[in-house]
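[1] Sharing a sequence plus its predicted fold:
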Amino acid sequence: MTVADQMLATHPEAGTTVARDIVQRCIDACIECAQACTACADACLAEDMVAELVACIRRNSDCADICTATGAVLSRQTAPDVAAVRALLEACRTACESCATECEQHADMHEHCRVCAESCRRCEQACTELLTAL
C-alpha cells in the first residue's frame with residue numbers, strides 16, 4: 001500500500017466521485033514520473049554530449065513540473081474543480097507523451113533515458129485511465 005493509497009483511504013471525501021484506486025494509481029505514476037524526469041534531466045547534464053540533449057533536458061524539466069502539479073492537485077480530494085482537473089490531466093498526458101518520445105530517441109545510448117521514457121509512458125496511461133473515469 002502506497003502513501004497515496006493510505007492518504008486516500010483515510011480521507012472522508014476520497015472515492016466519492018471516481019474510483020479511489022484509479023486516482024491513487026495516477027498520483028503514484030505522477031510522483032514517480034516527476035522523479036524520473038528530474039533524475040534524467042540531471043543525468044543528461046552530466047553526459048559528454050550535453051549539447052545534443054538540450055531538447056531532452058527541456059522535455060524532462062517540463063514533464064517533471066507538470067507531473068508534480070498534477071500529483072498535488074489529485075491529492076486534494078475536497079471539492080475538486082473537475083474541469084481544471086481534466087485540463088491538468090490532459091496537460092500531464094501531453095507532457096508525458098512528448099517526454100517519452102524524446103527520451104526514446106536516446107534510449108539506446110543512455111539507460112537513464114530508457115528508464116525515464118518507460119515511466120512517462122506509465123504516467124501517460126494512468127492519466128488516460130483517470131480521464132476516462134471522470
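    Here it is on my side, so go on.

[2] Run a quick neighbour tally on Cys33.
    By other Cβ atoms under 10 Å, the residues close to Cys33 number 32. Where you see a C-beta, it was placed from the backbone N, CA and C, and this is true even at glycine.

[3] Then Gln125?
    When neighbours are counted by other Cβ under 10 Å, Gln125 comes out with 15.

[4] Return the residues in contact with it.
    Contacts for Gln125 were tallied using Cβ atoms under 8 Å, 6 or more residues apart in numbering; they are Ala29.

[5] again with the one 3 residues further on
    Applying Cβ under 8 Å, 6+ apart, one finds that Thr128 lies in contact with Arg93.

[6] how close does it get to Arg58?
    To Arg58, Thr128 is 23 Å away according to Cβ to Cβ, to the nearest Å.

[7] Over to Ala133?
    31 Å.

[8] The worst-scoring helix or strand of the chain on mean pLDDT: which residues count as buried?
    Lowest mean confidence among the helices and strands of the chain (mean pLDDT, DSSP states H and E): helix 3-10, at a mean of 79. By 16 or more other Cβ atoms under 10 Å, the buried positions in helix 3-10 come out as Ala4, Asp5, Leu8.

[9] could I get those as a markdown table with distance to Val54?
    Below are those laid out as a markdown table (distance: Cβ to Cβ, whole Å):
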| residue | distance to Val54 |
| --- | --- |
| Ala4 | 33 |
| Asp5 | 37 |
| Leu8 | 38 |
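
[10] Residue most distant from the centroid, the chain?
    Of all residues in the chain, Asp48 has its C-alpha farthest from the mean position, at 27.3 Å, by Cα atoms, centre = their mean.

[11] Please report phi then psi for that one.
    For Asp48, the backbone dihedrals are phi -60, psi -30 (criterion: degrees, to the nearest 10).
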